[in-house]
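K.L.:
no letters, just coordinates:
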C-alpha cells in the first residue's frame with residue numbers, strides 16, 4: 001500500500017508538532033529521518049527550500065509548512081477535537097500560533113543561537129527577556145485553565161509546546177527558577193505524556209534505498 005512520505009528531523013520543533021498532529025490523526029506515513037547537513041536529494045526535489053517537515057502525499061502533492069501539515073492531518077481525522085477548542089475558536093488558536101512562530105521564534109533563535117546573529121549584535125539575555133513576554137502570556141492563560149484553550153489539549157497547545165521546550169532547554173536552570181509555575185507544570189506534563197514520547201523514537205538517517213519505518217508505530 002502506498003503511504004505518504006514524511007521527511008522529519010527528530011529534534012526540530014516544527015517537525016515535532018507535525019508528528020504530534022499526524023500521530024493524533026492516525027495518519028500513517030513512511031518516515032524518512034533527515035540529517036540537516038546532509039539532506040536527501042529526494043527531499044530537496046520535493047521541497048527545494050530544504051526545511052522539515054515535508055509531507056509528500058500519495059498523489060504527489062507536497063506540504064512543506066509544519067502548521068499546514070498539522071491542519072491537513074487533523075482535517076482528515078481529528079479524534080481529539082484539536083481543531084475545536086473548548087474556549088475560543090480555530091482562528092484564535094491560529095493567531096496565537098502566529099505570535100509563537102513570529103515574534104517569539106525571532107527571540108528564541110537569537111537567545112539560543114546568539115553567535116549566529118553577531119552581525120545584528122544579538123545578546124542572548126536580551127532576547128531571553130524579550131521572548132519571556134510570550135511566556136507571560138502562557139502563564140496568564142494557564143493560571144485559570146489546564147491547557148491553553150480549555151481543559152483539554154488543542155492545536156494551540158501542540159503547535160506551541162515544542163518551541164517552549166526549546167526555549168526552556170536553552171538554559172534549564174534559568175527556566176526552572178523563573179516565575180512560570182503553570183508553564184513549567186504544563187510543559188513538564190506534556191513532555192512526560194505518552195503522546196509526546198510516542199513521537200520521539202530515534203530513527204537512523206534515511207538514505208536512498210533504505211527501508212522506511214512506518215510512523216506512527218503500531
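P.N.:
Now that the structure is in, tell me what you want to look at. If you're wondering where the values come from, they're calculated on a predicted model, not measured in any experiment.

K.L.:
other SSEs contacting the top helix by length along the chain?
P.N.:
Scanning the chain for the longest helix, with DSSP state H as the assignment, gives helix 124-143. Here helix 124-143 touches helix 105-112, helix 155-170, helix 181-191, going by 3 or more Cβ pairs under 8 Å, 6 or more residues apart in numbering; DSSP states H and E. Yep, even glycine has a C-beta here, placed from its N, CA and C like the rest.

K.L.:
what's the second one in contact with?
P.N.:
Pointing back at helix 155-170 there. For helix 155-170, the external contacting residues (Cβ atoms under 8 Å, 6 or more residues apart in numbering) are 13-14, 16-17, 20-21, 24, 67, 70, 74, 82-83, 85, 90, 93, 96-97, 100, 104-105, 108, 111-112, 128, 131, 135, 138, 147-149, 175, 183-184, 186-187, 190-191.

K.L.:
just the buried residues from those residues, in ChimeraX please.
P.N.:
Command for ChimeraX that selects the buried part of these, burial taken from 16 or more other Cβ atoms under 10 Å:
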select :13,14,16,17,20,21,24,67,70,74,82,83,85,90,93,96,97,100,104,105,108,111,112,128,131,135,138,147,148,149,175,183,184,186,187,190
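
K.L.:
spell out the residue ranges of the strands in the chain.
P.N.:
For the chain, applying DSSP state E gives strands covering 5-8, 29-33, 54-56, 62-63, 214-215.

K.L.:
quick check: which of the ones you listed is nearest to residue 205?
P.N.:
The minimum distance between residue 205 and those falls on strand 29-33, with 5.6 Å, by Cβ to Cβ.

K.L.:
quick check: mean pLDDT of that closest one?
P.N.:
Averaged over strand 29-33, pLDDT sits at 97.

K.L.:
what strands flank it, and is each parallel or antiparallel?
P.N.:
For strand 29-33, the paired strands and their directions (DSSP bridges) are strand 5-8 (parallel), strand 214-215 (antiparallel).
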